[in-house]
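[1] Whatever this is, show me its structure:
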Amino acid sequence: MFKISVIGAGSWGTALAGMMVEKGLNVTLWAFEEHVVSDISKTRINKTFLPEYILPTNLHITSNLKQAVSNSDIILLVIPTQFSRSIIKQFLPFLKDDVIIVSASKGLEKTTLQTQSQILRQYTSATIAVLSGPSFAKEVVRKLPTAVTIAVEDEAVASRLQEIFTTDFFRVYTNNDILGVELGGSIKNVIAIAAGIADGLGLGLNARAALITRGLEEMCRLGAKFGANPRTFSGLSGLGDLILTCTANMSRNYTVGFRLGKGEMINDITTSMKSVAEGVETSLSAYELSKKLCVEMPIVEKVYNVIYNDISPADAVRDLMGRNLKSEFFDD
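    Residues are numbered from 1 along each chain as shown. Predicted structure coming up:
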C-alpha cells in the first residue's frame, strides 16, 4: 500500500499526519520523544505539541526511524532545521530508490547557512519538494480553509503531490522555485520576531505594516542573490506566510518578539516554550548570510543584535528609524 512517513511529531507534523490519515492514506508518524509516542499510542492525543486534536486510530506512531521510513513512497520532513542533518543521515540507508522527500520545515542551518533542500542534496539524489505557506497547525486540525504551495522541479511530480496533499479544506498550489519558497519560509520568521517586538513596545499598526513591507523587500533582495523568481515572494510562501506570522499571537516567532519587546530575556523566553521558534536561530543564519552575500537586510540585522548582542529593542527601533534616507527600491 502507498505509504507516507511523517518525520517529526511537533504540532505541524502531527497536523499533517492526521490530515492525510483522515483522507484515507497510509501514514506513519515518527517522534523523537518517547513520551509523545506513548501518549499518542494510549490516548491518540499529542499532549505535548497539539493537545486539542484527537488523532485517527489508524495512524501508525513509532520512535524507530528504520521502521518509520522503510518502504515509504513519500518522506515528509517536519523537524527543526538545526536537527535535520543528523536525522537525514540516519534514515537515508532505509529509503526506497524512487522515494520523494518533501520538506515542510522552515529555517537555515546555522553552521552552513543552508536550506533543507540544500542539506538533502548533499546526501541523496531523490526527488525533493518543499511544502510551505500560511498554515497554523491549530487551524488545519479544525479544518479551516488553508492554502499552501508545493515546490518541486518536475511538473509531473508536482501534480502528483498536489493531489495527494489537497483536501476539501487544504488547497495546494504548485511552484518550481524550491529555493525561493524555502527562503520566504525562513526569513519571514525573523521578520515576525521584529513585528512582535514592535507590538511589545506598543509602536502601533503603522510600524507593523512598515516592518512587513520592508521585510518583504529584504526577503526579495536575498532571493535575488539565489536566482529565485521574484514572483515567489508575492505568493503564499512569501507574502502570505509573512502576513500570517507577523500579525497573529498564535505565531511562536511573533510571540518571541512580543516578549522581547516587553523586556524579557531571550533565554527565559525560549526555555519556557515547548516548540521551537525557528526565527531565533534563523536570525543568526540570515544575518551571516546577508554579510556573506553583501545583501542589505537591516531588519534582520537588528533582530540578530537584539537576540545575540543584547541590544535593547528600543535602541534597535531607533537605529532603524535613523538610517540614512534613500529610495524605496534599489533599482530606482
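
[2] need the strands for the stretch 1-150 of the chain, in chain order.
    In the stretch 1-150 of the chain, the segments counted as strands under DSSP state E, counting those that start in this stretch are 3-7, 26-30, 45-46, 50-54, 60-62, 74-77, 100-103, 127-132, 146-151.

[3] you'd agree residue 117 is up against residue 103?
    Yes: here residue 117 reaches residue 103: they are 6.1 Å apart, a contact under CB atoms under 8 Å. C-beta coordinates here come from the backbone N, C-alpha and C atoms, glycine included.

[4] in the stretch 201-332 of the chain, which spans are strands?
    Using DSSP E, counting those that start in this stretch, strands in the stretch 201-332 of the chain do not occur.

[5] which stretches of it form helices?
    205-225, 241-247, 252-261, 266-271, 278-293, 298-308, 313-321 (DSSP state H, counting those that start in this stretch).

[6] what's the angle from the fifth one to helix 298-308?
    So the one you mean is helix 278-293. 120 degrees (axes from the mean of the first three to the mean of the last three CA atoms, to 10 degrees).

[7] Going along the chain, name the helices of the stretch 1-150 of the chain.
    Under DSSP H, counting those that start in this stretch, the stretch 1-150 of the chain gives helices at 11-22, 34-43, 65-69, 81-91, 116-121, 137-140.

[8] Now tell me what touches the first one from outside.
    Yep, that's helix 11-22 we're talking about. 4, 6-7, 9, 27, 29, 46, 49-50, 53, 55-56, 58-59, 76, 78-79, 104, 135, 137-138, 140-141, 164-165, 167, 170, 275 (CB atoms under 8 Å, 6 or more residues apart in numbering).

[9] ok, now the last one?
    Counting contacts by CB under 8 Å, 6+ apart, the residues outside helix 137-140 that touch it are 11-12, 14-16, 19, 50, 52, 146, 169-170, 250.

[10] how far out from the middle of the chain is it?
    14 Å (CA atoms, centre = their mean, to the nearest Å).

[11] Pull out the buried residues from it.
    137, 139-140 (16 or more other CB atoms under 10 Å).

[12] quick check: mean pLDDT across that helix?
    Mean pLDDT, computed over helix 137-140, is 98.
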